[in-house]
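J.: coordinates only, sequence not included:
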């Protein structure tokens, strides 16, 4: 099976890198990250606020099957169309802290593009916890709150 | 979640990774393991204790000696642990690709 998505997460570091190549022209890939109605589709969240420019901020919200609402938010620090977005990301009311996300968009051919996400966490422990969430869900079907949030993220 | 005693914390330490490499080829006593490191003996013992508690190492008694073995099954678990995270992102990116392909043809 072809592995299109690559995760680089070195042991003992508080950051990770996610790389993916898309069968999409660069402009379309970038659009998926800045158009609220498209973000709603692939993230499965409601976009409450999305002001995509330097000093702008965003707010997302999901509702789990039990009707609980979960909020996400962040601030945009860098915004270069079709090239780069640097922003913070926070899952509200979770122990995962605030992460710094640096998105780099790159054209490969006219029809293909690449996204590199560099994510920096507050500590090694927090990064490892986030990395392990989907793994923990697979082996532990307990319905705790964090798992519900992650399920919503899927 | 007890981070101190989980596998991922255990392998984050370079000395413990070196111990695992050493023991992977043959089971060894604590003394034989310690002789490969400049680190003080009690420090090595502490590392062995952590690796044993998280089941990356197993102990067997042979007469008066305790031998440490590598547990490959536990290590496999560690090697696979990133896969669900990768899969989650892969699914999400596939979704973007699908949505945007439709968007394009509109």
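T.: Yes, it's here. These figures come from a predicted structure and were not determined experimentally.

J.: Poorly predicted segments of chain A, please.
T.: Along chain A, the parts satisfying pLDDT under 70 run over A:1-3, A:135-154.

J.: Can you pull the residues of it lying near chain B?
T.: A:3-7, A:9, A:11-12, A:18, A:20, A:22-25, A:28-29, A:31-32, A:38, A:41-43, A:115, A:124-125, A:128-129, A:131-135, A:137-138, A:150, A:153-154 (Cβ under 8 Å from any Cβ of the partner chain). No exception for glycine: its C-beta is placed from N, CA and C like everyone else's.

J.: name the helices or strands packed onto the longest strand seen in chain A?
T.: Looking across chain A with DSSP state E, the single longest strand is strand A:69-80. Under the contact definition 3 or more Cβ pairs under 8 Å, 6 or more residues apart in numbering or on different chains; DSSP states H and E, strand A:69-80 sits against strand A:57-63, strand A:84-91, helix A:145-153.

J.: give me the element the residue of chain A positioned farthest from its centre is part of.
T.: No residue in chain A sits farther from the centre than residue A:110, which is 25.2 Å out by Cα atoms, centre = their mean. Remark: residue A:110 resides in no helix or strand, with elements defined by DSSP states H and E.

J.: From chain B, how far out is it?
T.: 12 Å (Cβ to the nearest Cβ, to the nearest Å).

J.: who's in contact with that residue?
T.: Contacts for residue A:110 (Cβ atoms under 8 Å, 6 or more residues apart in numbering or on different chains) come out as residue A:25.

J.: Need phi/psi at it.
T.: The phi and psi values for residue A:110, taken as degrees, to the nearest 10, are phi -60, psi -30.

J.: If you count contacts, what does the lengthiest helix in chain B end up packed against?
T.: For chain B, the helix reaching the highest residue count under DSSP state H is reported as helix B:83-105. Helix B:83-105 is packed against strand A:5-8, strand A:15-22, helix A:26-34, helix A:36-43, helix A:124-139, with contacts defined by 3+ Cβ pairs under 8 Å, 6+ apart.

J.: Repeat the analysis, applying 10 Å as the threshold.
T.: Under the contact definition 3 or more Cβ pairs under 10 Å, 6 or more residues apart in numbering or on different chains; DSSP states H and E, helix B:83-105 sits against strand A:5-8, strand A:15-22, helix A:26-34, helix A:36-43, strand A:113-120, helix A:124-139, helix A:145-153.

J.: would you turn those into TSV with mean neighbour count?
T.: Shown next, in TSV, are the helices and strands packed on helix B:83-105 (neighbours: other Cβ atoms under 10 Å in any protein chain shown):
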stretch	mean neighbour count
strand A:5-8	16
strand A:15-22	19
helix A:26-34	19
helix A:36-43	16
strand A:113-120	18
helix A:124-139	18
helix A:145-153	17
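
J.: Can you check which of those gets nearest to residue A:101?
T.: Set against residue A:101 and scored by Cβ to Cβ, these come closest in strand A:113-120, at 5.3 Å.

J.: ok, now which ones touch residue A:22?
T.: A:4, A:28-29, A:32, A:105, A:108, A:111-115, B:93-94, B:96-97, B:100-101 (Cβ atoms under 10 Å, 6 or more residues apart in numbering or on different chains).

J.: So, low pLDDT: which residues of chain B?
T.: Scanning chain B for pLDDT under 70 picks out B:1-5, B:79, B:105-106.

J.: where exactly do the strands run in it?
T.: Under DSSP E, chain B gives strands at B:28-29, B:57-62, B:65-70.
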